[in-house]
Structure formats: structure tokens, C-alpha cells
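In: take this sequence and fold it.
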Amino acid sequence: MIKTNNAIKILDKMTSKDTELETIIAEESINAEVAQLIYAARTKAGLTQKELAELIGTKQPVIARLEDANYERHSLSTLQKIAEVLNQKLVIDMIPII
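Out: Numbering: from 1, shown residues only. You can find the predicted model right below:
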């Protein structure tokens with residue numbers, strides 16, 4: 001047996017027999033990815049959370065929630081507003097499960 005210190009490989013091995021846990025991890029990964037995308041786009045634009053909130057017509061705590069990896073209620077319309085004010089295109093894709 002070959003040992004590894006690759007965290008992704010270790011998690012895959014630990015969860016490969018637990019489909020419920022795999023589903024939870026996949027959902028949480030998506031939430032974290034969306035939060036990171038919003039944060040990266042905002043900071044690249046040089047905006048504070050408050051400034052971005054004002055541009056899309058909301059309050060700073062909303063942006064803080066959207067940038068929280070544990071937040072589960074990202075809405076397509078809010079993501080589109082953020083992309084629009086940051087002069088970016090929102091792209092959503094569906095790919096086959098391997």
C-alpha cells in the first residue's frame with residue numbers, strides 16, 4: 001500500500017464508501033468556491049464589502065454572508081448583480097459526473 005500526504009486523496013479514500021458524506025462534501029465545496037469567487041472578484045476590484053453592497057443595493061452584512069464558505073443560500077440573481085457591477089460575466093456550467 002502506497003502512503004500519501006495529499007489531503008484530497010486521503011479524503012477521497014475516507015469518503016468513497018459513504019455516498020451521503022460525499023454529497024455533503026460536494027455541496028460544501030460548491031458553497032466555499034462561490035464564496036471565494038465573490039471575495040476574489042470584490043478584492044480584485046478594490047472594493048470593500050460595504051462598497052459592493054451599495055453597488056448592488058444591499059447591506060454589508062449580506063456581502064459578508066455571501067463570502068462565508070458556510071453560507072448555503074447563494075442566489076443566481078445576486079450573483080448576476082455582483083458580476084454586473086464588477087464588469088464580469090457570470091458563467092454556470094454542468095459537467096458529467098465521473
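
In: of all residues in this protein, which one is nearest the centre?
Out: residue 34 (1.8 Å; CA atoms, centre = their mean).

In: now residue 28, what are its backbone angles?
Out: Dihedral pair for residue 28: phi -70, psi -30, per degrees, to the nearest 10.

In: and the pLDDT for it?
Out: pLDDT, residue 28: 72.

In: and what of the one 4 residues further on?
Out: What the model reports as pLDDT for residue 32 is 88.

In: now residue 90
Out: So, for residue 90, pLDDT stands at 94.

In: that one contacts residue 80, correct?
Out: Yes - with contact defined as CB atoms under 8 Å, residue 90 reaches residue 80; the gap is 5.3 Å. Bear in mind the C-beta positions are built from the backbone N, C-alpha and C, glycine included.

In: return the helix or strand harbouring residue 52 as PDB; C-alpha atoms alone will do.
Out: Using DSSP states H and E, residue 52 sits within helix 49-56. Extracted in PDB, the C-alpha atoms of helix 49-56 (Å, rounded to 0.1, in the frame of the first residue of the first chain):
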ATOM      1  CA  GLN A  49     -17.900  44.800   1.400                       C
ATOM      2  CA  LYS A  50     -19.800  47.900   2.100                       C
ATOM      3  CA  GLU A  51     -19.000  49.500  -1.300                       C
ATOM      4  CA  LEU A  52     -20.000  46.300  -3.100                       C
ATOM      5  CA  ALA A  53     -23.200  46.100  -1.100                       C
ATOM      6  CA  GLU A  54     -24.100  49.700  -2.000                       C
ATOM      7  CA  LEU A  55     -23.400  49.000  -5.700                       C
ATOM      8  CA  ILE A  56     -25.900  46.100  -5.800                       C
END
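
In: immediately after it, which helix or strand?
Out: helix 60-66.

In: ignoring the adjacent residues along the chain, who's closest to residue 39?
Out: Distances taken as CB to CB, 6 or more residues apart in numbering place residue 67 nearest to residue 39, at 4.6 Å, with adjacent residues excluded.
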